[in-house]
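# predicted model, plus sequence, below.
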Amino acid sequence: MRQGILFVVSAPSGTGKTTLCRAVKERLPNLYFTISYTTRERRANEVDGREYHFVDRARFETMIREEAFAEHANVYGNLYGTAFVELDTNRRAGKDLLIEIDVQGARSLKARFPEAVLIFIYPPSMSVLRERLTGRGTDAEDVIARRLAIAAQELAQMPNYDYLIENRDFETAQNSFAAIITAERVRRPYVLEELPERFPGIL
Ligand code: 5GP
């Protein structure tokens, strides 16, 4: 069985990344989300162990010391990390993973797993992003201002990504996203790995 593919997905806050990832996961088989650890406060609609593993700083720092993370980063003042064991176990089981992490985390993972596929989702413009952030109504004004400033820094990292998807029209973005995953799955190394037993003596 081939190893699972790591699809690393980043986007500025308010770009619709999570909604897009969920839609693509519904549409394609064998896609799984990794569940990150974070020290951020849980939002009202979130469940521990579903969106994130919510932990305190002391626990997070212990995990860093124990080298439990494949990557971790400080994002908007909170700590976020992807557990190495979760990546490794799923990958070995042949599960393709959607890893929603920030630009720092994406860079770390690409260094550690060069075969990871990096996908960036970007908004049509900064003004559209501002509107979307304000409309969501889940965060305070100062948080939104801070996220907009950070969004600019994140957008500047687009040259490090393999694929860039504009989320102007949801359907179009979703189609591009699904097409990327489908195409990556038929790349020669992954397919060829499984063929020798079906074409013995030939491959
Ligand atoms: P939020 O707090 O809005 O759920 O996420 C804030 C940011 O943290 C997003 O850009 C999200 O992708 C990123 N993030 C979530 N989990 C991780 C993780 O495990 N590692 C890193 N580096 N970033 C993460």
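Received it, and whenever you're ready, just let me know what you need.
# what does the chain put close to the ligand?
13, 36, 40, 71, 73, 75, 80-82, 100-102, 104-105 (CB under 6 Å from any ligand atom). (C-beta placed from N, C-alpha, C; glycine too.)
# format these as JSON lines; extra columns: secondary structure.
JSON lines is the format used below for the residues of the chain next to the ligand (DSSP: H, G, I helix; E, B strand; the rest coil):
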{"residue": "S13", "secondary structure": "coil"}
{"residue": "S36", "secondary structure": "strand"}
{"residue": "R40", "secondary structure": "coil"}
{"residue": "E71", "secondary structure": "strand"}
{"residue": "A73", "secondary structure": "strand"}
{"residue": "V75", "secondary structure": "strand"}
{"residue": "Y80", "secondary structure": "strand"}
{"residue": "G81", "secondary structure": "strand"}
{"residue": "T82", "secondary structure": "strand"}
{"residue": "E100", "secondary structure": "strand"}
{"residue": "I101", "secondary structure": "coil"}
{"residue": "D102", "secondary structure": "coil"}
{"residue": "Q104", "secondary structure": "helix"}
{"residue": "G105", "secondary structure": "helix"}
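# out of those, flag the one nearest to E154.
Of all the residues of the chain next to the ligand, D102 has the smallest distance to E154: 7.1 Å, by CB to CB.
# now the closest one: closest residue in space that isn't a chain neighbour?
Closest residue to D102 apart from its sequence neighbours, by CB to CB, 6 or more residues apart in numbering: V75 at 4.8 Å.
# beta partners for the one you found?
Using DSSP bridges, the bridge partners assigned to V75 are N78.
# hang on, it packs against V103?
No. Checked against CB atoms under 8 Å, the pair V75 and V103 is beyond contact range at 9.1 Å.
# those two: who's more crowded?
Neighbours per residue (other CB atoms under 10 Å) separate V75 from V103, with V103 holding more: 24 against 18.
# retrieve the pLDDT associated with the more buried one.
At V103, the predicted lDDT confidence score is 97.
# and if you look at the one 5 residues further on?
Reading off the per-residue confidence, S108 sits at a pLDDT of 98.
# thinking again about what came up before, now tabulate the residues of the chain next to the ligand in a markdown table and tack on distance to I202.
Listed next are the residues of the chain next to the ligand as a markdown table, based on distance: CB to CB, whole Å:
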| residue | distance to I202 |
| --- | --- |
| S13 | 50 |
| S36 | 43 |
| R40 | 53 |
| E71 | 40 |
| A73 | 46 |
| V75 | 49 |
| Y80 | 47 |
| G81 | 45 |
| T82 | 40 |
| E100 | 40 |
| I101 | 41 |
| D102 | 45 |
| Q104 | 45 |
| G105 | 42 |
